[in-house]
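K.L.:
Here is my input; please provide its structure:
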Amino acid sequence: MTTGFSGNAQAMSLVAFSTVAAITLLLCVMTGPDGDDLDEFYTGYGSLSPMRNGLAIAGDYISAASVLGTGGVIALCGYDGIALALSTALSLMLLMFLLAEPLRNAGRFTMGDALARRMPGRGIRITACVVTIAALMPLMLVQLAGTGQLLAFILGFSGDALKTGCIIGLGALMISYAAIGGMKGTALIQILKIVMLLGSGAVVALLVLRRFDWDPGALFNAAAAQSGVGSAFLHSGVEFAGSSNPRLDMITSEMTVVLGGACLPHVTMRMYTARSARQVRRSMSWAVSSVVLFVLIMTVVGFGATALIGRAVIAQADPQGNTAYLLGSRAAFGTDVSASETFLFTTVTTAIFLTLLASVAGMILACANSLAHDVFATRVQEMSERREMTLARVSALAVGIPAILLATMVQHRSLQPLVTLSFCLGASAIAPALVYSLFWRRYTRTGLLCTLIGGTLAVLLVMPGTNLVSGSPVSAFPDADFNWFPFTTTGLLTIPLGFAFGWLGTVASGRRASEEQRRQYEAVEGWILAGAVRRGG
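P.N.:
Here you go, the predicted structure:
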């Protein structure tokens with residue numbers, strides 16, 4: 001495997017990876033909960049300042065799939081990649097302006113808390129837990145499977161046994177982060193990750209611009225010239241050129257990212273760590289600013305990779321372009337790499353490595369919290385805090401071990417369908433459930449269950465028929481063709497269905513149930529929407 005990375009850079013990267021793994025685990029041990037206080041484990045007592053909480057939110061939101069995948073789409077598809085990156089920023093802005101404060105006011109620890117506030121019951125909580133795991137497990141598999149591929153690419157080894165060993169070893173480390181550190185420990189890792197990622201990325205972006213005399217126009221024109229598609233690289237349509245309806249496919253994909261990205265449970269759980277509505281607003285301001293900066297950096301580095309080494313080289317290294325960010329960072333230094341530039345490149349690779357660790361740790365924590373709090377704790381009338389915390393830590397193992405095993409099985413397949421599956425579930429099941437629960441007075445228990453279950457089943461049924469699963473050389477099953485829904489995402493069909501299921505379920509509940517829900521909602525409307533009261537439990 002030829003990466004263009006020197007042996008010195010590979011050795012420094014290996015040392016840096018080992019050091020970061022040891023330091024972050026130590027930080028989790030030092031900052032983890034001392035006693036058996038659920039508030040400390042689940043929310044860190046809301047002790048993070050708005051800036052630190054905002055950076056932690058951005059760290060949870062910007063996963064390794066975002067860094068590597070979005071960078072790849074920008075490098076390979078140009079304009080379409082920028083549109084995708086902007087959609088991720090818009091998604092977080094939508095969360096900031098529409099859902100962040102009501103979520104913080106309605107919930108306590110998990111998404112199940114927010115949904116069950118109006119409609120208490122174990123059925124609601126169990127369904128919320130199942131949807132949480134269903135939405136986050138695919139993303140966890142992508143991050144874990146990508147761990148072996150990334151380390152193989154950076155360090156220059158190609159053995160499958162070594163890749164599998166990396167997945168198992170790092171997966172165990174990620175489980176430890178979640179089980180030992182809790183919310184506060186994982187937040188610290190997310191903050192460290194986002195600072196390293198944005199700091200190193202900003203320096204690389206400046207180096208890329210310097211190569212083009214600080215002229216973004218010259219950068220874009222050079223990227224178009226090296227793209228193999230000419231000026232089409234700077235216009236929409238490259239990514240979806242093989243679709244039966246490129247424009248509709250692009251709009252649907254962006255809508256899925258906008259609605260689904262910020263509603264995923266590992267992101268929304270950070271809303272509960274703010275002590276007040278004012279703090280959640282300030283935290284989201286920091287988070288959105290960080291994500292916008294990330295989009296700018298990815299745009300420059302992605303176009304720089306295409307302009308400096310060519311689209312064909314990027315596609316040859318990885319058909320999905322997942323190595324474009326690293327290749328662009330390496331190319332920004334030129335042919336003669338100094339010791340300081342080698343150190344900078346090591347910082348970039350370490351930031352990507354830390355992104356992988358932090359992303360999965362946050363997702364495991366969200367799933368483990370939901371299992372412990374929404375499923376197991378509700379079986380016992382009065383469960384002690386010590387026992388629930390023990391259950392949360394055991395749940396991290398229960399979630400993490402299957403994720404590691406599944407990741408070793410899918411590491412050689414195209415992982416893009418799994419990323420898309422998570423976003424589709426967020427947009428088609430979780431987003432309608434949150435919007436209806438927080439804002440619709442007549443929304444009933446039946447309507448909520450129909451939204452969560454119906455939206456999830458619709459995505460799972462439609463997803464196998466999309467372009468990403470079969471019917472193309474870059475699909476998960478390139479030799480098969482059962483593509484009956486010729487779009488990249490399921491959003492065109494399943495997002496309307498998710499909202500329709502909630503409406504139909506509410507209508508089917510009858511007028512009496514709707515009126516009862518309206519009265520219950522009006523009793524708590526003030527504290528859900530304005531934070532007039534913050535209730536525990």
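K.L.:
number of nearby residues for residue 343?
P.N.:
Other residues near residue 343 come to 12 when the count uses other Cβ atoms under 10 Å. No exception for glycine: its C-beta is placed from N, CA and C like everyone else's.
K.L.:
Once you drop chain neighbours, what's closest to it?
P.N.:
Across the structure, with Cβ to Cβ, 6 or more residues apart in numbering as the measure, the residue nearest residue 343 apart from its sequence neighbours is residue 12 (7.1 Å).
K.L.:
buried ones in the one helix or strand that neighbour maps to?
P.N.:
Using DSSP states H and E, the secondary-structure element containing residue 12 is helix 7-31. By neighbour count on 16 or more other Cβ atoms under 10 Å, the buried set for helix 7-31 is 9-10, 12-13, 16-17, 20-21, 24-25, 27-28, 31.
K.L.:
next one: stretch 312-323
P.N.:
Buried residues in stretch 312-323, counted by 16+ other Cβ under 10 Å: 313, 314, 315, 317, 318, 320, 321, 322, 323.
K.L.:
Between those residues, which sits nearest residue 200?
P.N.:
residue 323 (16.3 Å; Cβ to Cβ).
K.L.:
surely the closest one meets residue 69?
P.N.:
No. Residue 323 lies out of contact with residue 69 (Cβ atoms under 8 Å); the separation is 11.1 Å.
K.L.:
Okay, now the unreliable bits of the stretch 301-450 of the chain?
P.N.:
Counting by pLDDT under 70, the low-confidence segments of the stretch 301-450 of the chain come to 335-337, 380-382.
K.L.:
Let's see that with 80 instead.
P.N.:
Judged by pLDDT under 80, the stretch 301-450 of the chain has its weakly predicted residues at 318-319, 333-342, 377-386, 388, 412-414.
K.L.:
how about the strands in the stretch 1-150 of the chain?
P.N.:
Under the criterion DSSP state E, counting those that start in this stretch, strands are not mapped anywhere in the stretch 1-150 of the chain.
K.L.:
where does it dip in pLDDT?
P.N.:
Flagging of the stretch 1-150 of the chain using pLDDT under 80 yields the residue ranges 1-11, 13, 29, 31-48, 64-65, 107-108, 118, 146-150.
K.L.:
Can you report how many residues lie near residue 385?
P.N.:
With neighbours defined by other Cβ under 10 Å, the count for residue 385 comes to 15.
K.L.:
I meant to write residue 236 there.
P.N.:
When neighbours are defined as other Cβ under 10 Å, residue 236 has 17 of them.
K.L.:
Next, the contact list for it, please.
P.N.:
79, 80, 83, 246, 247, 250 (Cβ atoms under 8 Å, 6 or more residues apart in numbering).
K.L.:
try 6 Å
P.N.:
Applying Cβ atoms under 6 Å, 6 or more residues apart in numbering to residue 236 gives the contacts 79, 80.
K.L.:
and it, that's in a helix?
P.N.:
No. Assigned with DSSP: H, G, I helix; E, B strand; the rest coil, residue 236 falls outside any helix and is coil.
K.L.:
For it, give me phi and psi.
P.N.:
Dihedral angles phi and psi of residue 236 (degrees, to the nearest 10) take the values phi -70, psi 150.
K.L.:
coming back round to it: just the buried residues of helix 7-31 now: which is nearest residue 391?
P.N.:
Minimum separation from residue 391 among these (Cβ to Cβ) is found for residue 28, which lies at 19.0 Å.
K.L.:
Nearest residue to that closest one in space, ignoring adjacent ones along the chain?
P.N.:
Nearest one to residue 28, counting by Cβ to Cβ, 6+ apart, is residue 181 at 3.3 Å.
K.L.:
you'd agree the one you found is up against residue 30?
P.N.:
No. Applying Cβ atoms under 6 Å as the test, residue 181 and residue 30 come out as separate, 9.1 Å apart.
K.L.:
Dump the buried residues of stretch 312-323 into a markdown table; add secondary structure and distance to residue 426 as well.
P.N.:
Converted to a markdown table, those look like this (DSSP: H, G, I helix; E, B strand; the rest coil; distance: Cβ to Cβ, whole Å):
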| residue | secondary structure | distance to residue 426 |
| --- | --- | --- |
| 313 | helix | 34 |
| 314 | helix | 29 |
| 315 | helix | 29 |
| 317 | helix | 30 |
| 318 | coil | 25 |
| 320 | coil | 21 |
| 321 | coil | 23 |
| 322 | coil | 21 |
| 323 | coil | 26 |
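K.L.:
TSV for these, including distance to residue 431?
P.N.:
What follows is those, written out as TSV (distance: Cβ to Cβ, whole Å):
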residue	distance to residue 431
313	38
314	33
315	33
317	35
318	31
320	26
321	28
322	27
323	32
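K.L.:
of those, closest to residue 219?
P.N.:
When the buried residues of stretch 312-323 are ranked by distance to residue 219 (Cβ to Cβ), residue 314 comes first, at 15.6 Å.
K.L.:
Which residues are in contact with the closest one?
P.N.:
Applying Cβ under 6 Å, 6+ apart, the residues near residue 314 are 75, 321, 324.
K.L.:
Who are the packing partners of the helix holding residue 12?
P.N.:
Judged by 3 or more Cβ pairs under 6 Å, 6 or more residues apart in numbering; DSSP states H and E, the packing partners of helix 7-31 are helix 182-211, helix 339-370.
K.L.:
again, only using 7 Å
P.N.:
When contacts are defined as 3 or more Cβ pairs under 7 Å, 6 or more residues apart in numbering; DSSP states H and E, helix 7-31 sits against helix 122-155, helix 160-176, helix 182-211, helix 339-370.
K.L.:
Angles on the backbone of residue 470, please.
P.N.:
Backbone dihedrals for residue 470, given as degrees, to the nearest 10, come out at phi -150, psi 170.
K.L.:
so what pLDDT did it get?
P.N.:
At residue 470 the predicted local distance difference test score is 82.
K.L.:
Could you report the neighbour count for it?
P.N.:
Neighbour count for residue 470, taken as other Cβ under 10 Å: 19.
K.L.:
ok, it touching residue 485?
P.N.:
No. At 10.8 Å, residue 470 and residue 485 do not qualify as touching, with contact defined as Cβ atoms under 7 Å.
K.L.:
and the helix holding residue 12, how far from the chain's centre?
P.N.:
On the basis of Cα atoms, centre = their mean, to the nearest Å, helix 7-31 sits 23 Å off its chain's mean C-alpha point.
K.L.:
I'd like to check the angle between that helix and helix 339-370, please.
P.N.:
Helix 7-31 runs at 40 degrees relative to helix 339-370, counting by axes from the mean of the first three to the mean of the last three Cα atoms, to 10 degrees.
K.L.:
Look up how far residue 501 lies from residue 374.
P.N.:
Between residue 374 and residue 501 the distance is 21 Å, computed by Cβ to Cβ, to the nearest Å.
K.L.:
Hmm, I typed the wrong one, I wanted residue 284.
P.N.:
Spatial separation of residue 284 from residue 501 under the definition Cβ to Cβ is 29 Å.
K.L.:
what ranges of the stretch 151-300 of the chain fall below the confidence cut-off?
P.N.:
Low-confidence regions of the stretch 151-300 of the chain, defined here as pLDDT under 80, cover residues 151-160, 181-184, 241-244, 274-277.
K.L.:
Let me know the outermost residue of this protein.
P.N.:
Ranked by distance from the centre of the chain (Cα atoms, centre = their mean), the top residue is residue 512, with 39.9 Å.
K.L.:
Looking at the helix or strand containing that residue now, give me its mean pLDDT.
P.N.:
Of the helices and strands defined by DSSP H and E, residue 512 is found in helix 511-530. In this model, helix 511-530 has a mean pLDDT of 81.
K.L.:
on contacts alone, who are the packing partners of that helix?
P.N.:
Using 3+ Cβ pairs under 7 Å, 6+ apart as the contact criterion, the elements in contact with helix 511-530 are helix 100-106.
K.L.:
before we move on, back to that, which one of the contacts of residue 314 is nearest residue 420?
P.N.:
Checking the contacts of residue 314 against residue 420 with Cβ to Cβ, the nearest one is residue 321 at 15.3 Å.
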